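Enquirer: I would like to see how this sequence folds:
(2 chains)
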Amino acid sequence: MDHAQAQNAFSDFLDGTLPDRERVEVEQHLAVCIQCRTELTAFRRTVGSLGKLKQPAPPTFLPDIKQQIYKRSHGRFFAPRWKLFGRIPFEWISLATIIAMLVYYLAMLHGAPSGVHAAP
Amino acid sequence: MSLAERLLIARLKERDGRAFDEIVQLYGDKVFSLVYRMLGNRHEAEDVAQEVFITVFKTVDGFRGEAKFSTWLLRIAANQSKNRIKYLSRRPTDGGEVEDALQMRAGSGTPAPVIQAQIEGPDVLMEAAELESLMQRSIAALDEEHRLLVILRDVEELSYQEIGEITGLPEGTIKSRLHRARMAIKEELDKHTR
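Expert: Next comes the predicted model:
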């Protein structure tokens, strides 16, 4: 294993995801190569330092978001909603409208004159 | 997705205000941290991170639960960060995009730096802040794709599977790009510490 191959394997080596054969080859190379050992130390330090870069949200984060949502929704976002399927049930409204029209049509049919009869 | 998460999402879809608070408390730090490290600017990060949650709440009814809620949320955060980076790159710059870590701490309102100075001494604090600033500049020098991978894996410590769900990239691609990004940051740090 040469320097480039060893250094290309650093990430997997640190993650512990190298197949056994390759891990052994890297370890054997590191045992005899001070340059790569130095590079690995610097690489490990870099990755370790990255882990310290988490940045918490500011203390006013939640109130600021709520204020934005309230402003943009004109206070409607947290207003009680129709419980049927948790949203405006357009399909039920359509179905009810169709049924109402059908009932009206049937009522009109029964109430209408049966036909025009010729005068005797 | 766990049962607790499903119940929380269901309550959110019912516009339960407490579910809203819980979601922000659970994921606010992770989202803000991702966005801040992507953009390198606190003011922009606050703006974008707020937009992420607003987008989530506007579109939560369309969330079907095929992926974990956290990965869906972070995918939105990643996309909105990239969009903001593109927008900022077209805008004339005043050179203030990447904040100094000291400036960032000054604006955070947290008492920790003062306590740290009392315990560790101001020199140690300054060194830590300078290192953080250097790290942030090194991350900012990466293109957005590599930057995102470093942040997701090394800063936020997500698994490769979660990163794959967020980015849509196969694991092999994630690993090879991540390695290149880590090496680039290492090289940048080496230049400044020699």
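Enquirer: residues of chain A that sit close to chain B?
Expert: Residues of chain A lying close to chain B (CB under 8 Å from any CB of the partner chain) are A:7-8, A:10-12, A:42-43, A:46-47, A:49-59, A:61-62, A:64-66, A:68-69, A:72, A:77-81, A:86-87. Where you see a C-beta, it was placed from the backbone N, CA and C, and this is true even at glycine.
Enquirer: surely residue B:192 touches residue B:137?
Expert: No: look at residue B:192 against residue B:137 with CB atoms under 8 Å: they stay out of range, at 9.0 Å.
Enquirer: neighbour count winner among these two?
Expert: Neighbours were counted for residue B:192 and for residue B:137 using other CB atoms under 10 Å in any protein chain shown; residue B:137 has more, 17 against 11.
Enquirer: rounded mean pLDDT for whichever strand or helix holds that one, please.
Expert: With secondary structure defined by DSSP states H and E, residue B:137 is part of helix B:122-140. What helix B:122-140 shows for mean pLDDT is 83.
Enquirer: flag every buried residue along it.
Expert: Counting neighbours by 16 or more other CB atoms under 10 Å in any protein chain shown, one finds that the buried residues in helix B:122-140 are B:125, B:128-129, B:131-140.
Enquirer: repeat for stretch B:21-39
Expert: Buried residues in stretch B:21-39 (16+ other CB under 10 Å): B:23-24, B:27-39.
Enquirer: same thing with stretch B:36-53?
Expert: Along stretch B:36-53, the positions that meet the burial threshold by neighbour count (16+ other CB under 10 Å) are B:36-42, B:44-53.
Enquirer: quick one: the helices in chain B?
Expert: Here chain B has its helices, by DSSP state H, at B:3-13, B:17-39, B:42-59, B:69-90, B:101-108, B:112-120, B:122-140, B:144-150, B:160-167, B:171-193.
Enquirer: starting at the chain centroid, how far to the longest helix that chain A contains?
Expert: Taking DSSP H as the criterion, chain A has its longest helix at helix A:90-111. With CA atoms, centre = their mean, to the nearest Å as the basis, helix A:90-111 stands 41 Å off its chain's centre.
Enquirer: just the buried positions in it, please.
Expert: The neighbour-count check on helix A:90-111 (16+ other CB under 10 Å) flags nothing as buried.
Enquirer: quick check, central residue of chain A?
Expert: The centre of chain A sits closest to residue A:65, judged by CA atoms, centre = their mean, with a distance of 18.6 Å.
Enquirer: verify the contact between that one and residue B:52 for me.
Expert: No: here residue A:65 does not reach residue B:52: they are 9.3 Å apart, not a contact under CB under 8 Å.
Enquirer: residue 59: neighbour count?
Expert: No chain specified, so I'll use chain A. 11.
Enquirer: the intended chain is chain B.
Expert: Residue B:59: 11 neighbours (other CB under 10 Å).
Enquirer: gap between it and residue B:8?
Expert: Separation of residue B:59 from residue B:8 (CB to CB, to the nearest Å) stands at 16 Å.
Enquirer: how about residue B:190?
Expert: Distance of residue B:190 to residue B:8, computed by CB to CB: 45 Å.
Enquirer: run a quick neighbour tally on residue B:166.
Expert: Neighbours around residue B:166, by other CB under 10 Å: 26.
Enquirer: need the nearest residue in space to it, chain neighbours excluded.
Expert: Nearest residue to residue B:166, sequence neighbours excluded (CB to CB, 6 or more residues apart in numbering or on different chains): residue B:75, at 4.7 Å.
Enquirer: so what's residue A:44 up against?
Expert: Going by CB atoms under 8 Å, 6 or more residues apart in numbering or on different chains, residue A:44 touches residue A:14.
Enquirer: and the helix or strand harbouring it, how far from the chain's centre?
Expert: According to DSSP H and E, residue A:44 maps onto helix A:34-50. In this view, helix A:34-50 has its centroid 35 Å away from the chain centroid, taken as CA atoms, centre = their mean.
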